[in-house]
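K.L.:
Attaching a predicted model along with its sequence, questions to come.
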Amino acid sequence: MSKEPIRAGEIVVFNVDGREIPIVHRVIKVHEHEDGEVDVLTKGDNNFGDDRLLYAQGQMWLQRHHIMGRAVGFLPYVGWVTIIMTEQPIIKYILIGALGLLVITSKE
Amino acid sequence: MHSFSYRANALLTFSLTILALMCAMASLTDNFNSPSPTATVQILNVNRFQKRSNGDDEVAITLNISADLQSLFTWNTKQVFVFLAAEYTTPKNTLNQVSLWDRIIPTKEEAKFSVKPKNKYKFIDQGSNLRGRDFNMTLHWHVMPKTGKMFADKLVLPGFRLPESYSYR
């Protein structure tokens, strides 16, 4: 993740304590302190309310250490590969099996 | 060397590579677009300016936002996300950016608009530093492509100032 400061409008990837799946939402509020520490509030664009309901109990802001990265672009449908392999693990095994078979039966 | 699995593998790899190349080229065309967006923002009224129970200042305002963002749209544009943020400095914080209003613009036709909304998100300071505070209104736009690189820019509109004292009307 770049060392650039976090600014309103950026789409960031963050983890909430206790939740295993990271969330990718837009920063709507930034309060940067003198020491460089920053308080950030995020919200999904099409959601009605901000993400405070998703944060940990009593947590009102995200800090720099919660944020793992930011979104810079889109690759359509690529995410489906991960989703399908997570929801139907058998596909993961078939894929690895097929690749393994290909390697083994290679004549070179 | 000519088995079905080899041919299927070669075909799949080739088609995925071509697909990736096409996505990259589509994204590249966005660089040739030189957009010329325009916007004006006014504060029509300060509806409420009070100190919250925890000591933080809060302002509620009605805005007048007019903009023409049609030149941002290209054939590779899925939608444009636009938001208006108040940006200011206080003795406590070196930078505060508070989004007051936003909208998803799905088509070029809807990118030319004029609205008079109340602030969608609460304008709350960390502390009590808003009385007489000078601030900028920045209109940000984020162009979300159908594929490829997202680009964003903003228009800084300086010269706004909050009232010297609390009010409610």
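P.N.:
Arrived safely.
K.L.:
Could you pick out the residues of chain B near chain A for me?
P.N.:
Residues of chain B lying near chain A by Cβ under 8 Å from any Cβ of the partner chain: B:1, B:3, B:5-6, B:9, B:23, B:27, B:78, B:81, B:83, B:85, B:92-99, B:102, B:104, B:121, B:126, B:140, B:142, B:144-150, B:152, B:154. Yep, even glycine has a C-beta here, placed from its N, CA and C like the rest.
K.L.:
Next step: these restricted to strands.
P.N.:
Of the residues of chain B next to chain A, the ones assigned to strands by DSSP state E are B:78, B:81, B:83, B:85, B:93-99, B:102, B:104, B:140, B:142, B:144-145, B:148-149, B:152, B:154.
K.L.:
got any ranges where chain B has weak pLDDT?
P.N.:
Within chain B, the segments meeting pLDDT under 70 span B:1, B:169.
K.L.:
any idea how it splits into domains?
P.N.:
Taking automatic domain parsing as the reference, chain B has its domains at B:1-32, B:34-161.
K.L.:
hang on, the earlier thing: which of the residues of chain B next to chain A are buried?
P.N.:
Buried subset of these (neighbour count, 16 or more other Cβ atoms under 10 Å in any protein chain shown): B:23, B:27, B:81, B:83, B:85, B:93, B:95-99, B:102, B:121, B:126, B:140, B:142, B:144-148, B:150, B:152, B:154.
K.L.:
list the contacts for residue B:35?
P.N.:
By Cβ atoms under 8 Å, 6 or more residues apart in numbering or on different chains, residue B:35 lies in contact with B:69, B:71, B:72, B:153.
K.L.:
now do 10 Å
P.N.:
By Cβ atoms under 10 Å, 6 or more residues apart in numbering or on different chains, the residues touching residue B:35 are B:69, B:70, B:71, B:72, B:73, B:74, B:141, B:143, B:151, B:153.
K.L.:
got a list of what the second one touches?
P.N.:
Residue B:70 sits next to B:35, B:36, B:37, B:38, B:80, B:105, B:107, B:108, B:109, B:110, B:111, B:112 when contact means Cβ under 10 Å, 6+ apart.
K.L.:
and the residues you listed as JSON lines, adding distance to residue B:164 and secondary structure?
P.N.:
Listed next are those as JSON lines, based on distance: Cβ to Cβ, whole Å; DSSP: H, G, I helix; E, B strand; the rest coil:
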{"residue": "B:35", "distance to residue B:164": "39", "secondary structure": "coil"}
{"residue": "B:36", "distance to residue B:164": "38", "secondary structure": "coil"}
{"residue": "B:37", "distance to residue B:164": "34", "secondary structure": "coil"}
{"residue": "B:38", "distance to residue B:164": "32", "secondary structure": "strand"}
{"residue": "B:80", "distance to residue B:164": "37", "secondary structure": "strand"}
{"residue": "B:105", "distance to residue B:164": "36", "secondary structure": "strand"}
{"residue": "B:107", "distance to residue B:164": "43", "secondary structure": "coil"}
{"residue": "B:108", "distance to residue B:164": "43", "secondary structure": "coil"}
{"residue": "B:109", "distance to residue B:164": "42", "secondary structure": "helix"}
{"residue": "B:110", "distance to residue B:164": "39", "secondary structure": "helix"}
{"residue": "B:111", "distance to residue B:164": "37", "secondary structure": "helix"}
{"residue": "B:112", "distance to residue B:164": "36", "secondary structure": "strand"}
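K.L.:
Can I get the buried part of those as one PyMOL selection?
P.N.:
In PyMOL, the members of the contacts of residue B:70 classed as buried (16+ other Cβ under 10 Å) are selected with the following command:
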select buried, chain B and resi 37+80+105+111
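K.L.:
secondary structure element for residue A:93?
P.N.:
Assessed by DSSP states H and E, residue A:93 sits inside helix A:89-104.
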